[in-house]
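Visitor: what would the 3D arrangement of this be:
(2 chains, ligands or ions: 6)
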Amino acid sequence: MDIKLSSATPTPDERAAVDARLGAPRASWDGGTTRTVRDTHVAYGGKEQRDRRHLLLPALQGLQERMGWISEGGFNYVCERLTVPPAEAWGVATFYMMLSTRPRPRRVLHVCDDIACRAKGAKAVCDSLRAHHSPPLPHGTVGGHGDAPPGAHATLNEHHGAWTTSPCLGLCDVAPAALLIEAGQPVVELSTGEITADYAMGLLGGGADPDDVLAAAPRTTATADSPPDPLTTQIGGIGPLRLLKRVGSVDPTSLDAYQKADGYKAMDKAFTLGPEGIIAELNAAKLLGRGGAAFSTGRKWEAVRTQHATPKYIICNADESEPGTFKDRVLLTGDPFAIVEAMTIGAYAAGCSRGYVYIRGEYPLAAQRMQHAIDQARAAGLLGERVMGRDFAFDIEVRRGAGAYICGEETAIFESIEGKRGEPRNKPPFPVQHGLFDQPTVVNNVETLANVLPIILEGGTAAATLGTDQSAGTRLFCLSGHVKQPGVYEVPMGTTLGELIALAGGIGGTGTLQCALLGGAAGAFVRPDEMGLRLTHEDTRAAGVTLGSGVVVAFDTSVNIQNMLLRIAQFFRDESCGQCVPCRVGTVRQEEALIRLSKKKPLGGMRTELALLEEIGTAMKDGSICGLGQTAYTAIESAIKRLNLYPA
Amino acid sequence: MTFPHLQLVQLSRPSTIPKPVIELIVDGHQVTVPEGTTILGACQKLGIEIPTLCWLETLAPVNVCRVCVVEVEGARVLAPACSRTVEPGMVVQTRSERVNLTRKLVLEMLASSTDLSTAPGLAEMMTEYGAQPERFGACETVAQPVLVDNDLYIRDYAKCILCYKCVEACGEDHQNTFAIAVAGRGFHAHISTEFAVDLPTSACVYCGNCIAVCPTGALMSKREWDLRQEGNWNESKQTSTDTVCPFCGVGCTLTLHVQDGEIVKATSPLDNDITIGNLCIKGRFGWQHVQNGRSATQMAADAAVPA
Ligand SMILES: Cc1cc2nc3c(=O)[nH]c(=O)nc-3n(C[C@H](O)[C@H](O)[C@H](O)COP(=O)(O)O)c2cc1C
Ligand code: SF4
Ligand code: SF4
Ligand code: SF4
Ligand code: FES
Ligand code: FES
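Guide: Numbering: from 1, shown residues only, chains lettered A, B, ... in the order given. Ligands and ions are numbered 1, 2, ... in the order given. Presented below is the predicted three-dimensional model:
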């Protein structure tokens, strides 16, 4: 393959931004500026260099974070450094919403306008910004039919920020929320909640010092460079907290504090149990994955353990982007060492030598806390060539997403880490056989991993006494919308929906519940008369709903649910990877039908329109490659059938 | 995407070691095929027709169009016949109600968003499945201007169904040039060069191997496109003759498509051992010298120009 690049060259800053991620170039062969005599005799590159393709996304992120966008010169330099054909790299750069291939101001405010934030006034914030600041940055791409009209991309005043709407930022407990990113050296990333229009305007104003802005913040959730800050997320539960026990009470930046609070006791015990013993405990505990698919974790680890191919990998799925979900964020920022320890136990049990934590790009503090925890653990010999002095080598790398919900799908994560577009693979083959870099791979959700430690310490059988027979253990629920105390609550499975909502202080807003979204955008709506629903896999299945990722967004009587459905439809349309027809086109057709329905202009009458929607939904469910397309109609179907939202 | 290069390896070098065989049932018929065969392969053996759009025997399956889906007993969702390999005891339905519905919807979704007027076989497929794209009313499409930025071929992405074939042919599977890729996301995903630069600026070497695999006519040689614009493209009047490319020692088989005594297109057969359908710029486009001043239209044009 020949790499043909345009003549655009990187600026010194761009070069530095890329080199910070890739190391300095070795020679003029891979982008170095000086040509030595030796270069004329030796050729660097070829397969060795192409094998570094997995660094493509980090390198592009380096440019984005330092410059605020990816210029042609910077882009060329990345391609040259990694021997990636520019068209391929372009496909990757245009896939991720946090990467910009157009010039734009350094400071960009990502304002969440997703369901929980909408319920709490996000629309007013956006409307105000539109009226008094500027139109939002367009989401479209360069070229093709999705290109925004000329002029829409005009660079704003360099000293003023720009803003854009965002899908759920995982800050639903402090809705309405926003994420400020100011490119530079270093980049400033600020997650903020309970924003007002005035505050958002302040964030966008001319050259305000981030520290001043911070000081004026109504409620700051996290900034990347001021740890350890007080945790603002409300936590609680029924019974002793197992998964949240250290969150908010033990310093998340101190390995010492972690070890004093039972840290690494499970790892000690795991070494005595041995791989098979660990897996037996998980099976006795009947641990099912918390990422949505509820697959047995013990079986997954066993399947990887018994594979002959090496190396094997373990991935902690921290892409948490399901609207309404923020529990993983709380674990990552509040108890990061626990995730490191659990991954190490998983690696030991399944025989993995390398781990990745894939954290969504919108979680700066989580990424920083995890990196810190990994570094501390490595320095203390808890990661590395000989973990805890034993003949077991394992290390973990943090990878950050760049704005793509789909990258939480387990095979899309592989593609993303490998430096490709986050397009899910068709299954089979399954990840336990052919996963990351085509090797056997364990993928587990953050909360699933957090369960491993108490299970090992309590013993699997004891852990299984919590919850019900088919749904054992405790679970984290993310309560947001119109509850009085939004937050993360840990309850034994089998707790009723009503009890859970009572735990969060009951219904806020107008004080009367209209309905709640259970399980996230891929979940289902439940009615106020269903407060007795026991939150287990078996009960929710019987009721035709799902626990999903533990989301409960409550809507009071003031909310227009048809508008919420439109937002959900928009979410799936925006987040579809675009690979397969039923999802790529189906999510658009679904949104169009819902728009017609809410305008009371159904095509061919209400009954015909609903039947058409049902057919679109069925084709998406049956024909799509991955869970995104397969569940894109689920919540909408539930609103139609369970809430009777569009009476015929 | 990484997919084993099953098809290609089988095509060019049939293995002499017999593979273990697998028995399955398709539409009630028992069939035995070698391990690693796809459901599509098993259906072909039985003479059961499965529609395909993104599949081609010379490319690794990407299973994205979903028009080939079939129902596998016990599975939660439908399976793409083109890529799913058979398993012992599999029971497959190729025309169940669920299958028909999804195939119909896939065709309707494509036809409502894309110009399929030059896609061979599509109209028949739509009739077969009762697809009525007008059911969606006025809806978003991928309409966009035709890209005519060189003398050899045009790109009309308003006709693109995003089957990934051109990307595969240009990159990993055949040409190894990687001049084009899928860019953007969701409904806005599209085939593009870097920064959407024109072809002459891109890495394209004009082998035309992407044109050869495009199932919709979105990629078309400039000559064919010009003739179509003039209303002079007439396939019923065309003959095709196999010959050997005169340009180099590789000796690619060249199929010359001739209309009114004029070569209007050059292709190579997919089942040719040497080319598997591929050519280079010379074989694909370098045939004008054969007929310079000799074709009927050319002669007429020449005659009209005063010396
Ligand atoms: C579109 C889509 C997005 C997903 N996002 C996430 C996610 O952000 N985090 C997660 O843990 N699982 C997510 N999943 C589920 C994963 O594919 C996978 O099932 C899970 O990570 C397995 O871990 P578990 O067994 O511990 O639950 C997603 C699935 C789909 C289809
Ligand atoms: S279902 Fe949607 S997200 Fe999943 S592969 Fe298909 S297009 Fe991509
Ligand atoms: S003509 Fe050849 S090199 Fe150019 S885009 Fe098509 S396949 Fe790639
Ligand atoms: S241009 Fe043709 S070959 Fe390429 S993706 Fe579109 S339809 Fe397929
Ligand atoms: S942060 Fe806005 S909906 Fe979750
Ligand atoms: S032909 Fe099988 S998915 Fe396209």
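
Visitor: for A:Ala27, give me its contacts.
Guide: A:Ala27 sits next to A:35-36, A:38-39, A:42, A:44 when contact means Cβ atoms under 8 Å, 6 or more residues apart in numbering or on different chains. Every C-beta, even on glycine, is put in place using the N, C-alpha and C of the backbone.

Visitor: dump these to TSV, plus neighbour count.
Guide: Output for the contacts of A:Ala27, formatted as TSV (neighbours: other Cβ atoms under 10 Å in any protein chain shown):
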residue	neighbour count
A:Arg35	11
A:Thr36	11
A:Arg38	8
A:Asp39	15
A:Val42	10
A:Tyr44	15
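
Visitor: burial of B:Phe136, as a residue count?
Guide: For B:Phe136, the count of nearby residues is 21 (other Cβ atoms under 10 Å in any protein chain shown).

Visitor: am I right that B:Val70 is in a strand?
Guide: Yes: looking at B:Val70 with DSSP: H, G, I helix; E, B strand; the rest coil, it is inside a strand.

Visitor: beta-bridge partners for it, please?
Guide: When bridges are called by DSSP bridges, B:Val70 pairs up with B:Ala79.

Visitor: helix or strand with the lowest mean pLDDT in chain A?
Guide: strand A:219-223 (a mean of 53; mean pLDDT, DSSP states H and E).

Visitor: the longest helix belonging to chain B near ligand 4 anywhere?
Guide: Counting by DSSP state H, the longest helix found in chain B is helix B:97-113. No: contact of helix B:97-113 with ligand 4 is not found when judged by Cβ under 6 Å from any ligand atom; the minimum separation is 9.9 Å.

Visitor: what's in contact with the helix or strand following that helix?
Guide: Once helix B:97-113 ends, the next helix or strand along the chain (criterion: DSSP states H and E) is helix B:122-129. Contacting residues not belonging to helix B:122-129 are listed as B:51, B:67, B:100, B:103-104, B:107, B:111, B:116, B:131, B:133, B:216 [Cβ under 8 Å, 6+ apart].

Visitor: list the buried residues for helix B:122-129?
Guide: Within helix B:122-129, the residues that count as buried by 16 or more other Cβ atoms under 10 Å in any protein chain shown are B:122, B:125-126, B:129.

Visitor: of all pairs in those, which one is the farthest apart?
Guide: Across the buried residues of helix B:122-129, the longest distance by Cβ to Cβ is 10.9 Å; it joins B:Leu122 and B:Tyr129.

Visitor: residues in the stretch 1-150 of chain B within reach of chain A, list them.
Guide: B:1-2, B:63-67, B:69, B:77-78, B:80, B:83-84, B:98, B:101-102, B:105-106, B:109-110, B:112-113, B:135-137, B:139-144 (Cβ under 8 Å from any Cβ of the partner chain).

Visitor: quick one: low-confidence ranges for the stretch 1-150 of chain B?
Guide: B:1-16 (pLDDT under 70).

Visitor: quick check, the residue in it closest to ligand 3?
Guide: Closest to ligand 3 within the stretch 1-150 of chain B is B:Asn150: 9.6 Å, counting by Cβ to the nearest ligand atom.

Visitor: name the nearest residue to that residue, ignoring sequence neighbours.
Guide: B:Leu199 (5.1 Å; Cβ to Cβ, 6 or more residues apart in numbering or on different chains).

Visitor: and the one you found, how many neighbours?
Guide: 20.

Visitor: what pairs with the lengthiest strand in chain A, and is each one parallel or antiparallel?
Guide: Secondary structure of chain A per DSSP state E: the longest strand is strand A:474-481. Strand A:474-481 sits in its sheet next to strand A:487-492 (antiparallel), strand A:551-556 (parallel), going by DSSP bridges.

Visitor: can you give me the offset of it from its chain's centre?
Guide: 16 Å (Cα atoms, centre = their mean, to the nearest Å).

Visitor: swap in stretch A:194-209?
Guide: 26 Å.

Visitor: quick one: mean pLDDT over that stretch.
Guide: For stretch A:194-209, the mean pLDDT works out to 81.

Visitor: that stretch and ligand 5, are they touching?
Guide: No: using Cβ under 6 Å from any ligand atom, stretch A:194-209 never reaches ligand 5; the gap is at least 10.4 Å.

Visitor: pull out the buried positions in that stretch.
Guide: A:194-195, A:197, A:199-201, A:203-204, A:208.

Visitor: so which of these belong to strands?
Guide: Among these, no member lies in strands (by DSSP E).

Visitor: from the residues you listed, pick the one nearest ligand 3.
Guide: A:Leu204 (42.3 Å).

Visitor: need the contact list for that closest one.
Guide: A:107, A:109, A:129, A:133, A:160-163.

Visitor: how much space between it and chain B?
Guide: 26 Å (Cβ to the nearest Cβ, to the nearest Å).

Visitor: same deal with A:Lys300?
Guide: From A:Lys300 to chain B the distance is 18 Å (Cβ to the nearest Cβ).

Visitor: check A:Ile406 too.
Guide: 8 Å.

Visitor: just A:Ser558 next, same as before
Guide: 32 Å.

Visitor: what's the answer for A:Val42, then?
Guide: Distance, A:Val42 to chain B, by Cβ to the nearest Cβ: 24 Å.

Visitor: would you list every one of the strands in chain B?
Guide: With DSSP E as the criterion, chain B has strands spanning B:21-26, B:29-34, B:69-72, B:79-80, B:91-93, B:153-155, B:181-183, B:190-192, B:219-221, B:238-244, B:253-259, B:262-267.

Visitor: for A:Thr468, find the nearest of the ones you listed.
Guide: Going by Cβ to Cβ, the one of the strands of chain B nearest A:Thr468 is strand B:69-72, 32.0 Å.

Visitor: sorry, back to before: quick one: which of the contacts of A:Ala27 sit in helices?
Guide: Among those, no member falls in helices (DSSP H).

Visitor: so what are the domain limits for the chain?
Guide: No chain in the question, so chain A it is. A:12-93, A:107-141+A:153-221, A:255-462, A:474-556, A:561-641 (automatic domain parsing).

Visitor: that's the other chain; I wanted chain B
Guide: B:21-95, B:100-136, B:153-295.

Visitor: beta partners of A:Ile315?
Guide: Taking DSSP bridges, one finds A:Tyr356, A:Val443 as the beta-bridge partners of A:Ile315.

Visitor: same question but for A:Leu513, I mixed them up
Guide: A:Asp556.

Visitor: who's in contact with A:Asp268?
Guide: Applying Cβ under 8 Å, 6+ apart, we find A:Asp268 in contact with A:Met388.

Visitor: averaged over its residues, what pLDDT does the longest strand of chain A have?
Guide: 98.

Visitor: report the buried residues of it.
Guide: Per 16+ other Cβ under 10 Å, strand A:474-481 contains these buried residues: A:474-481.

Visitor: what is the neighbour count of residue 266?
Guide: I went with chain A, as the question did not name one. A:Ala266, neighbours per other Cβ under 10 Å, totals 23.

Visitor: hmm, no, I was thinking of chain B.
Guide: Quick note: B:Ala266 (other Cβ under 10 Å) scores 24 neighbours.

Visitor: check whether it really touches B:Phe285, as I assumed.
Guide: Yes: at 7.4 Å, B:Ala266 counts as touching B:Phe285 under the criterion of Cβ atoms under 8 Å.

Visitor: for the contacts of A:Leu204, which one is nearest A:Leu535?
Guide: After measuring the contacts of A:Leu204 against A:Leu535 - Cβ to Cβ - the closest member comes out as A:Leu109, at 35.8 Å.

Visitor: so the closest one sits in a strand?
Guide: Yes: checked against three-state DSSP, A:Leu109 lies within a strand.

Visitor: tally up the residues packed near the residue lying closest to it once chain neighbours are set aside, please.
Guide: Take A:Leu109 and drop its neighbours on the chain: the residue closest to it by Cβ to Cβ, 6+ apart is A:Trp163, 4.3 Å away. A:Trp163: 27 surrounding residues under other Cβ under 10 Å.
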